[in-house]
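A.B. asks: Next come a sequence and a model predicted from it.
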Amino acid sequence: MRDVTERKDAENKLRRLNRLYAMVSGINALVVRARDRDELFRDACRIAVEYGEFERAWVGIVDQAGSNIVPIAFAGVDEKTIAAIKELFASSAGAVRGPSFTASAIRKKTVVVSNDLKNDPRVMLSKTYTAVGSHSLAVFPLLVADNAVGVIVLHTSKAEFFDEQGLKLLTELAGNIAYAIDYIDNQERLDYLAYYDALTGLANRRLFLERLSQHLRSAASGKHKSALFLIDLERFKSINDSLGRAAGDSLLQQVAQWLTQFTGDASVLARVGADQFAIVLPQVSQHGDLSRLLEKTVTAFLNHPFTLNDSIYRIAGKIGVVLYPDDGGDADTLFKHAEAALKKAKASGDRYLFYAQRMSETLSGRLGLENQLRQALDNEEFVLHYQPKINLISGELTGAEALIRWNSPQAGLVPPGRFIPILEQTGLIHEVGRWALHKAIAEYLRWLATGLPAVPIAVNVSPLQLRNRGFVAEIAQAVSITANAAAGLELEITESLIMEDVEHSIASLQSLRAMGISIAIDDFGTGFSSLSYLSRLPMDTLKIDRSFVLDITSGPGAATLVSVIINLAHALKLKAVAEGVETEEQLRQLRSLDCDEVQGYLCGRPVPGTIFESKYLSSSRSDTNQTRV
């Protein structure tokens with residue numbers, strides 16, 4: 001009897017080992033062919049149940065935070081038991097640091113076995129398991145680079161099932177599964193890097209060209225145009241050199257995020273160079289729509305604050321633009337022509353340039369305009385027009401804003417939007433801005449000398465002027481001609497410009513205020529000022545951007561926003577001035593919100609100095625009611 005029993009035990013053990021070998025063989029074959037994790041885990045559980053002597057198997061993976069175990073693949077497990085397992089591992093008891101049997105295997109990085117589930121207090125789901133017929137259980141950690149990334153859990157209906165020989169075989173099997181996990185992860189990373197930029201997560205040049213080709217095929221079959229933008233970040237090298245590579249990488253990531261939000265579709269974007277990004281517009285209708293989109297993109301990007309090393313920066317970009325099929329019939333040709341357009345844009349003052357004839361015409365026109373502007377400065381063709389500012393309570397004239405106009409002998413008055421950007425791009429804004437400053441001071445002093453009720457004149461400061469380290473000295477020289485000069489001058493500086501270099505701005509403005517010059521923050525609400533910085537800025541006036549004024553009658557939300565700005569100004573003991581007021585309803589709303597002053601077409605358009613004197617200053621002296629609104 002003893003011999004028969006021993007022989008049967010030996011036969012059972014051999015049969016068990018044979019089934020384990022069959023299971024190991026099947027899973028090893030799976031390891032070779034599996035191409036993704038889901039397939040690996042799902043089929044490993046299935047093979048364990050089909051070929052091994054196991055009724056149930058499941059795989060759990062440690063999440064990215066390394067704190068929780070997530071069951072993701074099952075075989076032979078009924079829905080009720082699956083729900084119980086998931087519930088356990090969704091609770092703190094099932095966490096990696098929890099008391100569960102599985103968590104212990106992960107923490108200790110070793111196999112944990114229970115050959116008597118019914119009476120083993122270590123197994124938290126012992127009643128659940130024994131209710132479905134499980135009597136032995138083993139948890140095998142999946143170790144990758146000595147880190148437990150997950151477990152495979154095997155159940156059997158037989159008590160005292162797991163012996164030394166079987167555990168050794170199954171432990172080696174778990175090692176093979178872990179190897180497959182590592183291989184798949186590395187392969188996925190290599191595949192990812194082949195098509196995506198690791199830093200930003202956007203498509204790389206290779207994938208972008210493939211996607212561009214697909215869009216061009218759709219454009220050809222749909223008989224519509226497509227467009228390609230190639231964007232180059234300005235000052236990236238200097239930022240990278242001065243702030244460090246980490247800051248440069250952060251900027252690239254923030255730009256990628258902004259572009260994704262702006263376009264709403266990361267699949268049309270790519271990082272194609274160290275500081276270059278590409279955008280494809282799969283379908284464009286009219287050239288004018290494309291130009292408006294470009295203007296909108298450039299403006300929005302320029303106004304967006306990027307945070308680097310706890311400071312706010314504004315970043316500009318140049319764009320090369322091509323159209324399909326006008327500028328090329330395939331992706332490679334279009335991309336090459338976009339690079340050529342971008343190169344031209346970087347060499348010129350233009351923010352963006354189209355390829356081919358349109359690009360040449362734009363560049364030629366800009367160069368011609370630049371030459372004319374140089375001559376205009378020599379020939380004294382620039383003039384100042386003045387727009388009144390009115391007190392909302394008294395209706396009296398409180399100031400004037402000086403606006404540069406170009407009175408071209410050939411074209412007459414040229415719109416500021418056409419020549420001011422050229423002045424800034426060429427550096428001529430320094431000389432023209434200096435002229436405007438001296439002209440405004442001279443005008444104010446002349447009003448005083450002739451007995452007119454002179455009001456302060458506000459002069460806009462360009463970004464290049466404020467960044468110039470000699471700017472404060474220039475202002476000091478300009479107002480030094482007489483003691484009254486500083487009182488008649490107000491400098492308007494845009495909020496976004498101040499936030500480019502806050503500490504430098506604060507120091508400069510303090511020096512200007514010490515001279516007796518008033519400071520106004522222009523376009524307030526568009527530059528995302530930090531309140532901590534705002535309280536430190538030496539200033540007298542907040543000018544509410546006209547975009548908020550235009551929307552003030554559109555609903556309570558817009559009015560509330562304007563009210564917040566006005567209350568903020570008053571809390572900081574500043575005047576609140578609304579610009580761009582064009583309707584009586586806007587005026588009524590601003591008056592109800594306790595705005596101090598207004599400026600806009602309703603109050604008066606910009607006019608030459610002689611007309612401003614007769615219409616506002618002379619009439620103010622004889623009858624102040626003429627300036628009431």
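C.D. replies: Perfect, thanks for sending it.
A.B. asks: give me the low-pLDDT residue ranges for the stretch 151-300 of the chain?
C.D. replies: 190-193, 286-289 (pLDDT under 70).
A.B. asks: need the longest strand for the protein.
C.D. replies: Longest strand of the chain, by residue count under DSSP state E: strand 397-408.
A.B. asks: For that one, which helices and strands make contact with it?
C.D. replies: Applying 3 or more Cβ pairs under 8 Å, 6 or more residues apart in numbering; DSSP states H and E, we find strand 397-408 packed against helix 356-378, strand 382-391, strand 412-414, helix 416-426, helix 429-449, strand 457-460, strand 597-599. Yep, even glycine has a C-beta here, placed from its N, CA and C like the rest.
A.B. asks: Let me know which of the ones you listed is the nearest to Val32.
C.D. replies: helix 356-378 (54.0 Å; Cβ to Cβ).
A.B. asks: partners of the longest strand of the chain, with directions?
C.D. replies: strand 382-391 (antiparallel), strand 412-414 (antiparallel), strand 457-460 (parallel) (DSSP bridges).
A.B. asks: Output the helix or strand just after the last one as PDB - backbone C-alpha positions only.
C.D. replies: Counting by DSSP states H and E, the element after strand 457-460 in chain order, helix or strand, is helix 463-467. The C-alpha trace of helix 463-467 is given here as PDB (Å, rounded to 0.1, in the frame of the first residue of the first chain):
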ATOM      1  CA  PRO A 463       9.400  98.500 -25.700                       C
ATOM      2  CA  LEU A 464      12.800  99.400 -27.200                       C
ATOM      3  CA  GLN A 465      12.900 102.700 -25.400                       C
ATOM      4  CA  LEU A 466      12.200 101.300 -22.000                       C
ATOM      5  CA  ARG A 467      14.700  98.500 -22.500                       C
END
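A.B. asks: So which bits of the following helix or strand past helix 463-467 are buried?
C.D. replies: Next helix or strand after helix 463-467 toward the C-terminus (DSSP H and E): helix 471-479. Neighbour counts over helix 471-479 (16 or more other Cβ atoms under 10 Å) mark Phe471, Val472, Ile475, Ala478, Val479 as buried.
A.B. asks: who are the neighbours in contact with Gln165?
C.D. replies: Contacts for Gln165 (Cβ atoms under 8 Å, 6 or more residues apart in numbering) come out as Leu17.
A.B. asks: secondary structure class for it?
C.D. replies: Under DSSP: H, G, I helix; E, B strand; the rest coil, Gln165 falls in the helix class.
A.B. asks: what sits against the residue nearest to Arg205 when sequence neighbours are not counted?
C.D. replies: In space, and not counting its chain neighbours, Arg205 is closest to Val272: 4.3 Å by Cβ to Cβ, 6 or more residues apart in numbering. Residues near Val272 by Cβ under 8 Å, 6+ apart: Asn204, Arg205, Phe208, Leu230, Ala278.
A.B. asks: Identify those among those residues that sit within strands.
C.D. replies: Leu230, Ala278.
A.B. asks: Same list, the contacts of Val272, but as CSV with neighbour count and distance to Ala194 please.
C.D. replies: Shown next, in CSV, are the contacts of Val272 (neighbours: other Cβ atoms under 10 Å; distance: Cβ to Cβ, whole Å):
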residue, neighbour count, distance to Ala194
Asn204, 18, 8
Arg205, 16, 11
Phe208, 26, 13
Leu230, 27, 22
Ala278, 25, 18
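A.B. asks: Relative to Ala180, which of the contacts of Val272 is nearest.
C.D. replies: Distances from Ala180 to those, taken by Cβ to Cβ, are shortest for Asn204, at 27.5 Å.
A.B. asks: For Leu173, see how far away the nearest residue to the closest one once chain neighbours are set aside is.
C.D. replies: Excluding its sequence neighbours, the residue lying closest to Asn204 (Cβ to Cβ, 6+ apart) is Asp197, at 4.9 Å. Separation of Asp197 from Leu173 (Cβ to Cβ, to the nearest Å) stands at 38 Å.
A.B. asks: who's more crowded, these two?
C.D. replies: Leu173 (23 against 20; other Cβ atoms under 10 Å).
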